[in-house]
Every structure is written in structure tokens, then in C-alpha cells.
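*Asks:* Sequence first, predicted model second:
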Amino acid sequence: MPRILLIVSLLICAGLACRNGAGSTTSEPNAGNNNIVAEKDGSEAGAADSGRTGDSRTIAGGVLNDKATQMPQPGYPPVARAVRAAGKVVVNIEVAPDGSVVSARAESGHPLLRAAAVAAARQAKFKPGPAAISGSLEYEFTAP
């Protein structure tokens with residue numbers, strides 16, 4: 001059974017890499033991008049579905065790891081553990097003025113680790129402020 005799980009995991013990983021533009025001949029930077037997006041209502045959408053128009057009251061905050069008052073760490077997905085997936089996952093987020101994360105989208109990182117990082121980013125909390133903030137959270141996964 002573990003051998004089957006490993007084979008299925010590798011096939012899934014290979015399929016996601018193909019959809020993410022691995023080996024693509026296009027010059028478009030995000031062609032084939034398969035980002036996972038979590039919206040405030042808990043639904044997931046593709047990157048094309050999550051386009052937001054610029055809000056003049058949104059502040060660009062860069063990397064927000066040090067600014068979070070609560071930043072839960074993501075769980076390590078069993079399928080990612082089976083293939084020893086590791087590395088950094090960058091999640092772009094939008095934070096409402098009340099300090100809650102209203103949007104989270106995996107920008108980069110191993111495809112098998114992205115959903116766990118997005119789920120953790122959705123649970124992060126920030127100090128309330130006068131305006132919304134856009135930035136990113138970085139999660140480091142180390143293979144066990």
C-alpha cells in the first residue's frame with residue numbers, strides 16, 4: 001500500500017508541475033499557474049477567479065511574518081511527507097482593517113505544500129489598523 005501511495009503522489013506531483021508551467025515554452029511569467037486561493041467565506045477559487053481591483057486604502061506591507069499577532073504553523077500533508085516535499089511556500093494575503101485575513105493565495109512553493117500553507121495563512125491575525133494591508137507570509141517546510 002505505501003508503494004501505491006508513493007506512485008500516486010509522484011503522478012499527482014508531476015501533473016501539477018506540468019500545469020504550473022514546468023517545461024513550458026511560453027514567455028508569460030505566470031502561464032499555467034495553478035494557485036490555490038482561499039476567500040473569506042471559506043471557498044477556494046483559482047487565481048483567475050480571485051482578481052481584485054485596487055483599493056486606494058490598501059497598504060502594501062511586504063513580508064508580514066513579523067507583524068502577525070497570531071501565525072499558526074501549517075500541518076505537513078501526509079502525501080507531501082511521503083514524497084519528502086520541502087521548501088518555502090509564499091502566500092499572498094489581504095488583511096482587513098480589523099486584522100483578519102480576507103484572502104490568501106499561494107504564490108510559490110511545492111504544489112503539495114501550498115494548500116496547507118494557505119489554510120494556515122487564513123488563520124493568521126494582525127493588529128487592527130486604519131486600512132487594509134496586502135503582503136505575504138512565508139512558510140518553511142522541512143522534510144521529515
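*Replies:* Nice, I can see it. Numbers count the residues shown, from 1 in each chain.

*Asks:* can I assume residue 117 is in contact with residue 74?
*Replies:* Yes. Contact status for residue 117 versus residue 74: in contact at 5.1 Å, counting by Cβ atoms under 8 Å. For every residue, glycine as well, the C-beta is placed using N, CA and C.

*Asks:* The two: which is more packed in?
*Replies:* For residue 117 versus residue 74, neighbours defined as other Cβ atoms under 10 Å are more numerous around residue 117 (27 against 20).

*Asks:* how about the helices in this structure?
*Replies:* Under the criterion DSSP state H, helices of the chain are mapped to 2-19, 78-82, 111-122.

*Asks:* Confidence-wise, which of the ones you listed is weakest overall?
*Replies:* Averaging pLDDT over each of those singles out helix 2-19 as the lowest, with a mean of 43.

*Asks:* how much space is there between residue 139 and residue 93?
*Replies:* Between residue 139 and residue 93 the computed distance is 12 Å (Cβ to Cβ, to the nearest Å).

*Asks:* Mutual contacts of those two, please.
*Replies:* Residues touching both residue 139 and residue 93 (Cβ atoms under 8 Å, 6 or more residues apart in numbering) are residue 121.

*Asks:* ok, which stretches of this protein are strands?
*Replies:* Secondary structure of the chain by DSSP state E: the strands cover 37-39, 44-45, 58-63, 68-70, 87-95, 101-108, 125-126, 132-141.
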